[in-house]
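Here's my sequence, what's the structure:
(one chain, ligands or ions: 1)
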Amino acid sequence: MADYIYTMEIRLTPDQMKGVNLVQEIARTAEITLYLTGGAIRDIISGYTIRDLDFTVQGNPLKLQKEFERAGAQIAGRDEDTRALFLVLPGNVRAEISMARTETYEKVGKPPLIAPSSIQEDLRRRDFTVNAMALSLNEGSRGLLLDPFNGVADIEAKLVRILHNYSFAEDPSRLIRATRFAARFHWPLEERTQQRYNAAKENNYIEHIARGAIGHEIAQLAHEDDPLNVIRVLEREDWLKVLHPRWSSAKVDANGLALLMKTRQQMVDLGYSVDPSAAVMHFLTARLSDKDISDLRRQIPRKDLVEAWRDIEDHAKELAKRLTGKEAATPSRTWNLLSSARPEMILFLAVTARQQTVAQKIKNFLTKWRDVQKKIPLLEMTELLITPQLPTYPKIAHDVFMLLLDGKLRSRTETLRFLKPFAPPPPPPPPPPRRGRAGKATAAGAQPAEAAESTAKGKRGKGKSETPAAPVSTAQAPSSSGAKTKPAAAKPEATAKPVVHAAKAGSKHSHAHKTASKSKAASKLTKKPARKKAKSRKR
Ligand code: CTP
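Residues are numbered from 1 along each chain as shown. Model prediction:
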């Protein structure tokens, strides 16, 4: 039997998985039965991108709103009729929690009668077999897949199939949905579904589409990976004008959209979690009038999308202004500014910036400046014991990166000279092994030689420490750098390479630090053996 919990865990992003756990915890505390349903299950099983999380509860999810808010979720909307809660969970995870329900259609064109139901009944009111599955997230049955219409088999056969003959008549928005899924997945309609689809089209069932369903379908376009393709297919099938009479593929800024999707992929590859939906809507409707755009927005149930879409240009202008001001006067400042900006704004501005300086700064941020990170001498930093275990490591790494970005560390030698004072003191040497009498004698005999070597090293260090020190010429070098200067004298072979290298290149400052600390550490090492030496002479 397939392990769907395992499949879910490996297919969801870490943030989506945290979202599942959070919803599960809230439902468990409220003693409400919870299922992951619809598109999320379809995408988990089929291997496609999981765009959002659809949950269904046996109970009223609107009652859980406070709990979700307390857990850091944003409420993006509510549907009082279906008692659905639209959420943005922490980590920008889109989710919808609906009440398990039956929908009874008494008359064509009239909204259905809605009543609370069990999950089994709820699955029967759904659009396609591949969307009519539920995964239990409840103690005792967690991982059990409810698949009453053989959705898994249709995923394997790559078919879009309605659950019954009246499906399109009951909910004509399914005509649009069938087209959208067929375009997205390249899954054809199953033969009988196609016949019913054709008949529904001929009989103009679409006239009876619910207003709410139109808004829902408009918003769904914002989350497509290839929205222009979907728009074109919808147009060919005559459904686009249902969403808005003046919408057509000619109203789309195809170049802008293509560049947006390309830049989005680039950002995803860099590790950004970026939601392009508002920008997608901007380009899909680029050549529609303001009034038509307002009409479209008014119908969308998720207000978070509407607001983000409405404000995207103003927010981008603000960021562009900051990018031309003092805040972005140097590459390091620009880096910090863009690092704290919302990825969605960087994405949008990357595609729409008119000023050359703004476009170039974003381009550098996404490409050239990343390569500067490769100049951070990680190997030598490890040798200097500047590793992520150090509490100060993030700051040191950040500072060196900033200096490299601004061209203040122009060579490896200069970089090492900057880094060296941050090297932590070496760990204390391990205690000497316990030995028997004979062993002690041998060890005592060996010690003077070791001590002599250490003393010699200490002397060498002392001599060099007389070299005058010069400050490192970097404005951003932390003031504590001198205090932390304790090179690893007990592990000279580890530090020798970069340290000597830096000294040779004329780093008076680092040289002074190195030699002073080295001599201190070396004299520490020589103290103990020297006493032992005296004792053994007495004997
Ligand atoms: N649903 C339905 N009929 C509709 C709309 C939705 O049966 N007219 C059901 C389907 O089970 C669907 C689920 O509600 O899977 C969630 O709807 P929605 O988020 O619109 O669709 P997804 O399948 O999640 O599709 P997408 O991948 O586009 O988000």
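
Other residues contacting stretch 171-178?
The contact list for stretch 171-178 (CB atoms under 8 Å, 6 or more residues apart in numbering) reads 103, 105, 112, 127-128, 160, 162, 167-168, 189, 193, 197, 200-201, 205-210, 213-214, 216-217, 234, 237, 239, 242-243. The C-beta positions use only the backbone N, C-alpha and C, and glycine is treated the same way.

That stretch near the ligand anywhere?
Yes: counting by CB under 6 Å from any ligand atom, the ligand is contacted by stretch 171-178 at D171, S173, R174, R177.

Drop anything exposed from the contacts of stretch 171-178.
The neighbour count (16 or more other CB atoms under 10 Å) marks 103, 112, 127-128, 160, 162, 167-168, 189, 193, 197, 200-201, 205-206, 208-210, 213-214, 216-217, 234, 237, 239, 242-243 as buried among the contacts of stretch 171-178.

Go back to those residues and keep what's next to the ligand.
Okay, of these touching the ligand (CB under 6 Å from any ligand atom), that's D127, A213, H216.

Could you tell me which of the residues of stretch 171-178 next to the ligand belong to helices?
Cross-referencing these against helices under DSSP state H gives S173, R174, R177.

among these, who's most crowded?
When neighbours are counted by other CB atoms under 10 Å, R174 leads those with 26 neighbours.

Pull out the buried positions in the helix or strand harbouring M381.
When elements are assigned from DSSP states H and E, M381 belongs to helix 378-383. Within helix 378-383, the residues that count as buried by 16+ other CB under 10 Å are E380, M381, E383.

where does the residue in the chain that the ligand sits nearest to land in three-state SS?
For the chain and the ligand, the shortest gap (CB to the nearest ligand atom) falls at G39, measuring 2.3 Å. Following DSSP: H, G, I helix; E, B strand; the rest coil, we place G39 in the helix state.

My understanding was that it contacts M133; is that so?
No: using CB atoms under 8 Å, G39 makes no contact with M133, being 10.1 Å away.

Counting neighbours, go ahead and name the busier of these two.
Comparing G39 with M133 by other CB under 10 Å, the one with more neighbours is M133, at 27 against 18.

from what I can see Q65 touches L85, true?
Yes: if you go by CB under 8 Å, Q65 and L85 touch, sitting 6.2 Å apart.

Looking at those two, which is more packed in?
Taking neighbours as other CB under 10 Å, Q65 and L85 compare with L85 leading, 25 against 15.

still on that earlier bit, pLDDT score for the residue of the chain closest to the ligand?
Looking at G39, its pLDDT stands at 96.

start the count at 514, not 1, going forward
All right, first residue 514 from here; so that's G552.

What pLDDT is listed against the nearest residue to R687 once chain neighbours are set aside?
Among residues not flanking R687 along the chain, D640 sits closest, at 4.8 Å (CB to CB, 6 or more residues apart in numbering). As predicted, D640 sits at a pLDDT of 97.

Please list the residues outside the helix or strand following the helix holding M894 that contact it.
Next along the chain after helix 891-896, taking DSSP H and E as the criterion, comes helix 906-918. When contacts are defined by CB under 8 Å, 6+ apart, helix 906-918 is touched by residues 843-845, 848-849, 882, 885-886, 888-889, 894, 899-900, 903, 922, 928, 931-932, 935, 987, 989-991.

now do stretch 626-640
546, 548, 550-551, 569, 571-573, 594-595, 612-617, 619, 645-647, 659, 661-662, 675-676, 680, 684, 687, 690-691.

One more pass at 6 Å, please.
For stretch 626-640, contacts defined as CB atoms under 6 Å, 6 or more residues apart in numbering pick out 548, 569, 612-617, 645, 647, 661, 687, 690.

Over to stretch 836-855?
With CB under 6 Å, 6+ apart, stretch 836-855 has contacts from L832, I859, T870, V871, K874, F878, M915, L918, D919.

Now the buried members of the residues you listed.
L832, I859, V871, K874, F878, M915, L918, D919.

so who does the last one touch?
To tie it back to what came earlier, the one meant is D919. T843, P844, S845.

Wasn't the last one part of a helix?
Translated: S845. Yes: S845: assigned to a helix according to three-state DSSP.

That one and K876, how far apart?
From S845 across to K876, the span is 17 Å (CB to CB, to the nearest Å).

So if I had to pick from these two, which one is more boxed in?
Neighbour comparison, S845 and K876: the larger count goes to S845, with 21 against 14 (by other CB under 10 Å).

before we move on, the earlier item: next, format the contacts of stretch 836-855 as JSON lines and append distance to S559 and pLDDT.
Formatted as JSON lines, these follow (distance: CB to CB, whole Å; pLDDT from 0 to 100):
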{"residue": "L832", "distance to S559": "37", "pLDDT": "98"}
{"residue": "I859", "distance to S559": "31", "pLDDT": "98"}
{"residue": "T870", "distance to S559": "45", "pLDDT": "96"}
{"residue": "V871", "distance to S559": "40", "pLDDT": "98"}
{"residue": "K874", "distance to S559": "40", "pLDDT": "98"}
{"residue": "F878", "distance to S559": "35", "pLDDT": "97"}
{"residue": "M915", "distance to S559": "45", "pLDDT": "97"}
{"residue": "L918", "distance to S559": "43", "pLDDT": "97"}
{"residue": "D919", "distance to S559": "48", "pLDDT": "97"}
